[in-house]
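Participant: dropping a prediction and its sequence here:
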Amino acid sequence: MPVSAEEFRNGMRRLGGAVNIVTAADGDVWAGLTATAVTSLSAEPPRLLACINRQGVTYDIVSKGRTLGVNVLGRQHQALAMRFAGLNGEPETERFNDGEWLTSVSGAPLLESALVSFDCSVESILDAGSHAIVIGNIETIRSSDTELTDPLCYIDGNWATLTPIP
């Protein structure tokens with residue numbers, strides 16, 4: 001018997017992940033969303049991948065502008081993560097009113113206080129069901145000047161952080 005969509009969602013809720021704001025730019029139009037489906041792909045050349053919904057504006061901006069920013073969030077960014085998840089109803093292009101945003105080399109918006117931000121040019125976009133796998137060539141990496149704080153994570157419908165094991 002095939003796995004149902006409900007079974008899939010329930011299983012994936014148990015797969016905790018780091019919370020990121022994925023951003024893109026096409027000229028002076030910015031868009032962004034909250035994502036946990038981001039991972040490293042290769043060190044040589046430095047690449048990462050992000051999975052984003054093909055129905056959103058951010059996907060359109062990534063496709064047209066060929067830029068990708070990945071901003072890794074800390075515990076202090078929970079409200080910003082909720083904003084970029086669309087929980088207040090704002091369009092993806094109007095979520096940048098909170099936070100200090102810098103324009104990267106590629107043009108993608110980078111969050112100044114992110115734990116780390118990756119500025120990428122888009123290498124390729126692969127359609128995969130409702131989402132697209134975006135492969136980004138990392139052009140620059142920007143680490144926060146502040147002390148490393150607890151990373152913001154998401155698991156089983158809840159916000160969480162990591163605690164070091166002594």
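Facilitator: Right, received. Where do you want to start? Note that the structure is predicted; figures quoted are calculated from it, not measured. Residues are numbered from 1 along each chain as shown.
Participant: quick one: the helices in the protein?
Facilitator: In the chain, the segments counted as helices under DSSP state H are 5-12, 57-65, 78-84.
Participant: dump the ones you listed into CSV; add distance to Ser121, mean neighbour count and mean pLDDT as well.
Facilitator: Heads up, the C-betas are built off the backbone N, CA and C, glycines and all. Output for these, formatted as CSV (distance: least, Cβ to Cβ, whole Å; neighbours: other Cβ atoms under 10 Å; pLDDT from 0 to 100):
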stretch, distance to Ser121, mean neighbour count, mean pLDDT
helix 5-12, 29, 10, 92
helix 57-65, 10, 20, 97
helix 78-84, 22, 19, 96
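Participant: looking at these, spot the one closest to Ala50.
Facilitator: Minimum separation from Ala50 across the helices of the chain (Cβ to Cβ) falls at helix 57-65, 8.7 Å.
Participant: and the closest one, what does it pack against?
Facilitator: Judged by 3 or more Cβ pairs under 8 Å, 6 or more residues apart in numbering; DSSP states H and E, the packing partners of helix 57-65 are strand 20-26, strand 29-35, strand 46-53, strand 116-128, strand 131-143.
Participant: what about 10 Å?
Facilitator: Counting contacts by 3 or more Cβ pairs under 10 Å, 6 or more residues apart in numbering; DSSP states H and E, helix 57-65 is packed against strand 20-26, strand 29-35, strand 46-53, strand 67-72, strand 116-128, strand 131-143.
Participant: what residues are up against the spatially most central residue of the chain?
Facilitator: Taking Cα atoms, centre = their mean, the centroid of the chain lies closest to Val22, which sits 3.0 Å from it. Shown in contact with Val22 (Cβ atoms under 10 Å, 6 or more residues apart in numbering): 31-35, 37-38, 50-52, 58-59, 62, 68-71, 84, 108, 118, 120, 134, 136.
Participant: ok, now with 7 Å
Facilitator: Neighbouring residues of Val22 by Cβ atoms under 7 Å, 6 or more residues apart in numbering: Gly32, Leu33, Ala35, Val38, Ala50, Ile52, Thr58, Leu68, Gly69, Val70.
Participant: quick one: which of those residues is nearest Asp26?
Facilitator: Checking the contacts of Val22 one by one against Asp26 (Cβ to Cβ), the nearest turns out to be Thr58, at 10.5 Å.
Participant: beta-bridge partners for the residue nearest to that closest one when sequence neighbours are not counted, please?
Facilitator: On the basis of Cβ to Cβ, 6 or more residues apart in numbering, the spatially nearest residue to Thr58 that is not a chain neighbour turns out to be Ala31, at 4.3 Å. On the basis of DSSP bridges, Ala31 is bridged to Ala24.
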